[in-house]
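S.K.: Sequence below, structure please.
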Amino acid sequence: MSSYKIKPIIPLAVNLADGRRRFILVCGAGVSRDAGVPSGWDILIDTISKIYQQELKKKKFGKKEVEEWYLQNENLKNMTYSKILDLVYPGMEQKRIYLNSFLEGRQPGEVHKAIATMVKEALIRFIITTNFDNLIEKALDVEGLEDEYSLISTNDQAKNCDTWDKVETCRIYKLHGDKDQGPIRNSLAELERLDEYIEKDFQELINRHGVVVVGYAGRDEGVMRCFEKREYHRYPLYWQFRDNLNKRVKIMIQNQDGVLMHYERASEFLNELLDRGRMVRSISDTDTIEVIKSNYEQLLIRNNPIEIKARIDKEKIYYLRNIHSAHESLNQNANWQLLWDVHTDLIEKANRNILLGEQLLKFGMSRDWEEFIKIFEEIHSINQMQDSYERNGLINYLFFSLFLAIGSRALVYESFNEIKKLFLLRKLHRDRIEYILDWNIQASYIQERNQSEPSRFLASKIHYLLDLVEAKKFPLDQNELRKSILEFDLLCFIYKTKKLKDRYSFDWYPGCAYYYQYEVPLFLEKIRLDDDYCEKIAKQLFDEPKDVLRASLIEVKKIYDSLNMEGWPDNPFRNISPRQGEQTAS
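M.R.: Residues are numbered from 1 along each chain as shown. A predicted model of the protein is given here:
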């Protein structure tokens, strides 16, 4: 009876893609060879060749000849690489110059770049290498991870560092040393055994994780001994190889139910693994709202900074591409109906970002919120002319809609520090810096739509935004979102009036007042009656004592009353009285 078989890389890609980082990467000389770096064995033989030439006074000889001489010389075989190096290069500076000559001008190759991408996309947490060059570190630095990883290359470092389970983002173990610190292990005698604490961590890591081996021939006694002792029943072992594999590795793979994968180049293997992993993750693009929320919750529970940033970047880039594409597809004479249809479509495509922002607030991820809200500047900057007409007005109104929808969630979660970070976002406009509440939110097509209505709305930007809420175009409860948008709009007016009233543009127009229907804004009532709430918002958002905030609302009310708004809107400040302000001040 035949059974269905799949490529072994498929289950590996699926399990890597879940972001739990249950696999570690073990790298050998083949990883750096792709970048033109010789292996440790090659460098050892190069050093030996200088001794061989002088001892035998030979002008011409081959590498194989030197290898055979070395393997037959018991005295040399039993010496450490450092001592062999001392024979030819007795000075520390001489050693450094000699070793660096093999790495001079070398840049990360395709494999190093793929490894760095795997770290950035939160697929792996530990990199274990027998190489002593710094090309993996260079690749991580290029990916912006220079402060996110640690390096262990000596026994003392392994002994005194935090235990491996405390590592959040990435740790590199260099089993045979590092060119810039401590001794390098290269001779046969040194490769017989790893240093005690390096070996301890290595053994625990390969016991407790799945293992992916790339570019490693398995010829080092100390490393292979650990592999052979591995507790393989927990997670599988995948071993990429290029050509003839030594018998010892084959037996070990067979005993551990491991998987051999033939790829001519390690870069080919890792890039296919990355592509397949992204395919797995892309399935989530069609998920329901509940599944998306659940995925984000699991992401934030894992609390891996690199994984979270990667997801924020992924969702942002995907959404910005949609906006750019829509903006470029519209001609300068697009009518308001077409612009409105495009706006509605872009609101629906923003649902993943809206849900991600809400989950960041729910879990109190302040640092990640700072990264997330950068999307507002990138959206608004698509309107390079900074005018309000046709497709540029579309950008302004899209920004306004998302700003109120997402900002309102911060008010619901009482995330006042995060609201302050949002309000303090700024960008350069012509010759001045503008805060986010100064940015252009006007859209001529919204005015045109309003003029086409049988009866004109006095706060059309708010009105049509609430229409989308009622039509369930946002992935949130429509009744709660409607209330929170109105409250956040009023909070924008209060903050602009109190903190930014002397800046370049007019005060934030509180269109919410037309839609309160005699309701009292909840957050204003809590400021008035709830001391704890008032103290929290006063301190975190306004940088002032609660009594000063309460008293200042009298002045805000006066400014509101002076606006002379059309149509007798409801007054959201009606419960704020001069008498109360005097009492709180006293």
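
S.K.: got the contact list for Val119?
M.R.: With contact set as CB atoms under 8 Å, 6 or more residues apart in numbering, Val119 has these partners: 125, 127, 140, 143, 145, 148-149, 169-170, 306. Backbone N, C-alpha and C define where each C-beta goes, glycine included.

S.K.: can you rerun that using 10 Å?
M.R.: Remark: with contacts taken as CB atoms under 10 Å, 6 or more residues apart in numbering, Val119 is in contact with 21, 25, 125-127, 136, 139-140, 143, 145, 148-149, 169-170, 172, 306-307, 310.

S.K.: the strands in the stretch 151-300 of the chain, which residues?
M.R.: Using DSSP state E, counting those that start in this stretch, the strands of the stretch 151-300 of the chain run over 170-174, 210-214, 237-241, 259-262.

S.K.: Near the residue nearest to Tyr263 when sequence neighbours are not counted, how many residues? Count them for me, please.
M.R.: Using CB to CB, 6 or more residues apart in numbering and skipping the chain neighbours, the partner closest in space to Tyr263 is Phe269 (4.0 Å). For Phe269, the count of nearby residues is 23 (other CB atoms under 10 Å).

S.K.: Now do the contacts for Phe269.
M.R.: Going by CB under 10 Å, 6+ apart, the list of residues near Phe269 reads 9, 111, 114, 212, 214-215, 238, 240-242, 261-263.

S.K.: Please repeat the previous calculation with a cut-off of 8 Å.
M.R.: Per CB under 8 Å, 6+ apart, neighbours of Phe269: 9, 214, 240, 261, 263.

S.K.: okay, among these, which ones form the most distant pair?
M.R.: Maximum pairwise distance among those (CB to CB): 12.3 Å, between Ile9 and Val214.

S.K.: Return a PyMOL selection command for the buried portion of the contacts of Val119.
M.R.: Applying 16 or more other CB atoms under 10 Å to those, the buried members can be selected in PyMOL as follows:
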select buried, resi 21+25+125+126+127+136+139+140+143+145+148+149+169+170+172+306+307+310
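
S.K.: Among the contacts of Val119, name the ones in helices.
M.R.: Mapping the contacts of Val119 onto helices (DSSP state H) picks out 136, 139-140, 306-307, 310.

S.K.: Rebuild these as CSV, extending it with pLDDT and distance to Glu204.
M.R.: Formatted as CSV, those follow (pLDDT from 0 to 100; distance: CB to CB, whole Å):
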residue, pLDDT, distance to Glu204
Ile136, 95, 21
Ala139, 95, 26
Leu140, 95, 23
Ile306, 83, 22
Glu307, 84, 23
Ala310, 85, 27
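
S.K.: and of those, the nearest to Gly40?
M.R.: Closest to Gly40, out of all of the ones in helices among the contacts of Val119 and judged by CB to CB, is Ile136, at 15.0 Å.

S.K.: how would you label the spatially closest residue to the closest one that is not a sequence neighbour: helix, strand or coil?
M.R.: In space, and not counting its chain neighbours, Ile136 is closest to His112: 5.5 Å by CB to CB, 6+ apart. The three-state label given to His112 by DSSP: H, G, I helix; E, B strand; the rest coil is helix.

S.K.: Buried residues, whichever strand or helix holds Ile485. List them.
M.R.: Applying DSSP states H and E as the criterion places Ile485 in helix 478-499. For helix 478-499, the neighbour count (16+ other CB under 10 Å) marks 481-499 as buried.

S.K.: Mind checking the strands of the stretch 151-300 of the chain for the one nearest to Ile317?
M.R.: The nearest among the strands of the stretch 151-300 of the chain, by CB to CB, is strand 170-174 at 22.4 Å.

S.K.: thinking again about what came up before, can I get the strands of the stretch 151-300 of the chain in TSV including distance to Gln298?
M.R.: As requested, the strands of the stretch 151-300 of the chain are exported to TSV (distance: least, CB to CB, whole Å):
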stretch	distance to Gln298
strand 170-174	20
strand 210-214	19
strand 237-241	25
strand 259-262	27
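
S.K.: TSV please, covering the ones you listed and showing mean pLDDT.
M.R.: TSV is the format used below for the strands of the stretch 151-300 of the chain (pLDDT from 0 to 100):
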stretch	mean pLDDT
strand 170-174	96
strand 210-214	96
strand 237-241	95
strand 259-262	95
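
S.K.: Tyr514: which of those is closest?
M.R.: strand 170-174 (53.0 Å).
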